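[1] got a predicted structure here, sequence first:
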Amino acid sequence: MSEFSSKASNRVALNRSLLAIVIGVFFLTINLREKLLFQKILTLQLILSIPLFLTSILAYAKISYKSQIGRWNKFGWITFMLGYAFLMNVIGIIVNNLLGISIALLFFFFTWILLLIYSFIDISYDNSVIKERLIKDLSFITIQFIFGILVILEII
């Protein structure tokens with residue numbers, strides 16, 4: 001198995017797991033707190049994360065057997081990142097609705113701290129990934145800020 005096939009296989013497995021979580025959260029929310037789904041931004045992010053994870057799975061599956069993988073890899077990452085950010089936003093919004101804004105803000109900030117630690121470790125092994133990490137981290141944090149933090153602060 002080539003390096004890219006192995007990478008693609010691992011990412012497909014991760015996406016499948018996250019997709020299962022999204023579907024589980026959706027049905028759990030319907031059964032336990034249906035009123036939460038009346039918050040349109042929460043429902044929209046929850047619903048959109050499903051096709052985003054599915055598309056990411058399909059894109060990463062292409063990597064295992066295509067010779068030109070650059071665009072598939074980028075597309076797989078973008079759809080994964082959006083789906084993951086939306087899933088984390090949904091969790092943060094639910095935490096806000098059930099436990100309050102301070103716990104929700106702690107959830108978001110802790111997520112960002114761990115993300116930055118991950119990036120610092122990655123960069124410490126290979127300085128050439130600085131630009132890639134900046135793009136990935138800023139994209140993720142921006143989506144979380146706009147569709148997570150601003151939602152719980154009731155600005156959006």
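    Done, it's in. No experiment lies behind these values; they were computed from the predicted model shown.
[2] and stretch 107-121, how far out from the chain's middle?
    13 Å (CA atoms, centre = their mean, to the nearest Å).
[3] list the buried residues in that stretch.
    107-108, 111, 115, 119 (16 or more other CB atoms under 10 Å). (C-beta placed from N, C-alpha, C; glycine too.)
[4] which one of those residues is nearest to residue 40?
    Among the buried residues of stretch 107-121, residue 108 lies closest to residue 40 (CB to CB), at 19.9 Å.
[5] look up how far residue 77 lies from the residue nearest to that closest one when sequence neighbours are not counted.
    Sequence neighbours aside, residue 92 is the residue nearest to residue 108 in space, at 5.4 Å (criterion: CB to CB, 6 or more residues apart in numbering). Using CB to CB, to the nearest Å, one obtains 22 Å as the distance from residue 92 to residue 77.
[6] neighbour count winner among those two?
    Neighbour count, other CB atoms under 10 Å: between residue 92 and residue 77, residue 92 has more, with 24 against 18.
[7] how about the helices of the chain, start to end?
    Remark: helices assigned in the chain by DSSP state H are 3-32, 40-63, 70-99, 101-125, 130-144, 150-152.
[8] least confident of those, on average?
    Lowest mean pLDDT within the helices of the chain: helix 3-32, a mean of 69.
[9] next up, the contacts around the residue nearest the centre of the chain.
    Averaging the C-alpha coordinates of the chain gives a centre point, and the residue nearest to it by CA atoms, centre = their mean is residue 84 (1.1 Å). Each residue near residue 84 by CB atoms under 8 Å, 6 or more residues apart in numbering is listed here: 18, 49, 140.
[10] just residue 150 next, same as before
    residue 156.
[11] how far away is it from residue 139?
    For residue 150, the distance to residue 139 equals 16 Å [CB to CB].
[12] do the same with residue 48
    Remark: distance between residue 48 and residue 139 (CB to CB) = 16 Å.
[13] repeat for residue 42
    Distance of residue 42 to residue 139, given as CB to CB: 21 Å.
[14] between these two, which is the more surrounded one?
    The neighbour comparison of residue 42 against residue 139 (other CB under 10 Å) goes to residue 42, with 24 against 15.
[15] sweet, I'm off.
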